[in-house]
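J.: coordinates only, sequence not included:
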């Protein structure tokens, strides 16, 4: 008779194997994975003190061998002798962070007691030696003309697409003294490994981040999803944001993602919409916002946060933010409200709509807060129905940057496309009775929206519904 092999008998009598869970897909990585910490400082990020005429701060990264945080700073001179009169400044020991790119230490150093309106040079210590000398200018104590750059969500396609927009902004517009980020600087979801995303963010603007002070707001993507001990889902600030930015500590107590900075006649107030909406800090932030505006002696007040009061993509306005913060903006006569989140462009001057707003301006009406939404990165959302008639100007499927010039009683706001074309612009004139808005008389390009499946550049429409 035929005999079955022993192995076959054992297999036939063994219980069936339990189904194994599928392995999670690999996390996408940046091409070449070039973001390991080195023996010289990198990811160098300059931020202002609350009084940037007297102080600045810097955050940076080194390899694990450089445990101490050490900088040298000097008033800039015009020959190669900076080290002769440089002062050494130290900060807390570096904070360890292991990532897919290996171990690193994150450092923060604050430069205090600086002289106003003065050019300084600084360099940072790594385990192999010093970085190059990097220069910044402190703010003036008095109101003085200056230019700042406003960027919406960088978030997606950071190095591939957003980098060209940021570089175009700096290349075409000299004299940028501040950069305001409206949140979602990186995606921190499943686009790329998180450390790669922050590596791309730093590479996208390179040395510009280290010589021009940055004013970042947090977006929902600065937060990561967590499960609480009781099983409920919640959010917490991701690990990279507080390591990457040394921010002023003058915001809502216990909420260091809120702060304000007074810069040459402008008070910039930064709020955290995600914490307000999802983590129960709306009341505290609203009270702090009101008090911070009430105490402002600045000629201009600009508020920066992520989730827009008036949406251009989402079906509904951000109800919680609109109910809590808009009345404060109106009462305290805020000038600009800079936002992101919707991945489209919108300039809104009246909730009643663009026709009513244009007529009011024609009749000499005072202009209230101007609400802006913009996007710098590659993710695009389609416009909602209101966006066709409510904002003064909108765009979809378009990467943008904004240049704002402040000069005494005049504020000049211009929006440019990725290739440097002027898309939108207006001037605010501050008079005795309030602000008056005038649309730019400079030629602007045609309105950029999708027509069916065809995008504004003639290819496919990449603006998806929200």
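T.: That came through fine. In this text the structure is predicted, and so the values were computed from the model without any measurement. Numbers count the residues shown, from 1 in each chain.
J.: Heading C-terminal from the host helix or strand of residue 120, find the next helix or strand.
T.: Using DSSP states H and E, residue 120 maps to strand 119-126. Following strand 119-126 in sequence order, the next helix or strand is strand 129-130 (DSSP H and E).
J.: Any idea which residue is closest to the centre of the protein?
T.: The chain has residue 181 as the residue nearest its centroid, 2.6 Å off, counting by Cα atoms, centre = their mean.
J.: Hmm, that residue is touching residue 148, no?
T.: No: using Cβ atoms under 8 Å, residue 181 is not in contact with residue 148; the gap is 11.1 Å. Placement of C-beta: from N, CA and C, glycine included.
J.: Would you pull up how far stretch 193-207 lies from the middle of the chain?
T.: 13 Å (Cα atoms, centre = their mean, to the nearest Å).
J.: and if you look at stretch 441-455?
T.: With Cα atoms, centre = their mean, you get 25 Å for stretch 441-455.
J.: Kindly check the end-to-end length of that stretch for me.
T.: 27 Å (Cα to Cα, to the nearest Å).
J.: Show me what counts as buried in it.
T.: 444, 448-450, 455 (16 or more other Cβ atoms under 10 Å).
J.: Check which element follows the helix or strand bottoming out on mean pLDDT in the chain along the chain.
T.: Sorting the helices and strands of the chain by mean pLDDT, DSSP states H and E puts helix 6-13 at the bottom, at a mean of 42. Remark: after helix 6-13, the chain's next helix or strand is strand 42-48, criterion DSSP H and E.
J.: Residues contacting the helix or strand following that following strand, please?
T.: Following strand 42-48 in sequence order, the next helix or strand is strand 56-62 (DSSP H and E). Strand 56-62 has contacts (Cβ atoms under 8 Å, 6 or more residues apart in numbering) with 37-49, 71, 94, 104-111, 114, 120, 122, 124, 126-127, 136, 138, 210, 213, 243-247.
J.: Would you mind measuring from the nearest residue to residue 407 once chain neighbours are set aside to residue 299?
T.: Residue nearest to residue 407 in three dimensions, not counting chain neighbours: residue 145, with 4.1 Å by Cβ to Cβ, 6 or more residues apart in numbering. As judged by Cβ to Cβ, to the nearest Å, residue 145 and residue 299 stand 12 Å apart.
J.: can you list residues touching both of the two?
T.: Contacts common to residue 145 and residue 299, judged by Cβ under 8 Å, 6+ apart, are residue 408.
J.: quick one on the thing from earlier: give me the buried entries from the contacts of strand 56-62.
T.: Looks like the contacts of strand 56-62 have 37, 40-49, 71, 94, 104-109, 111, 114, 120, 122, 124, 126-127, 136, 138, 210, 213, 243-247 buried, using 16+ other Cβ under 10 Å.
J.: Residue 333 and residue 301 touch, don't they?
T.: Yes: the pair residue 333 and residue 301 passes the contact test of Cβ under 8 Å, sitting 7.4 Å apart.
J.: was I right about residue 322 contacting residue 309?
T.: Yes: using Cβ under 8 Å, residue 322 is in contact with residue 309, at 4.9 Å.
J.: Look at these two and report which has more neighbours.
T.: More neighbours surround residue 309 than the other of residue 322 and residue 309, with 24 against 17 (other Cβ atoms under 10 Å).
J.: where does that one fall, phi/psi-wise?
T.: Dihedral pair for residue 309: phi -60, psi -50, per degrees, to the nearest 10.
J.: try residue 401
T.: phi -140, psi 160.
J.: try residue 436
T.: Dihedral angles (degrees, to the nearest 10) for residue 436: phi -130, psi 130.
J.: what's the closest non-adjacent residue to it?
T.: residue 429 (4.9 Å).
J.: give me the beta-bridge partners of that neighbour?
T.: Taking DSSP bridges as the rule, residue 429 bridges to residue 410, residue 436.
J.: contacting residues around it?
T.: Residue 429 neighbours (Cβ under 8 Å, 6+ apart): 409-410, 435-438.
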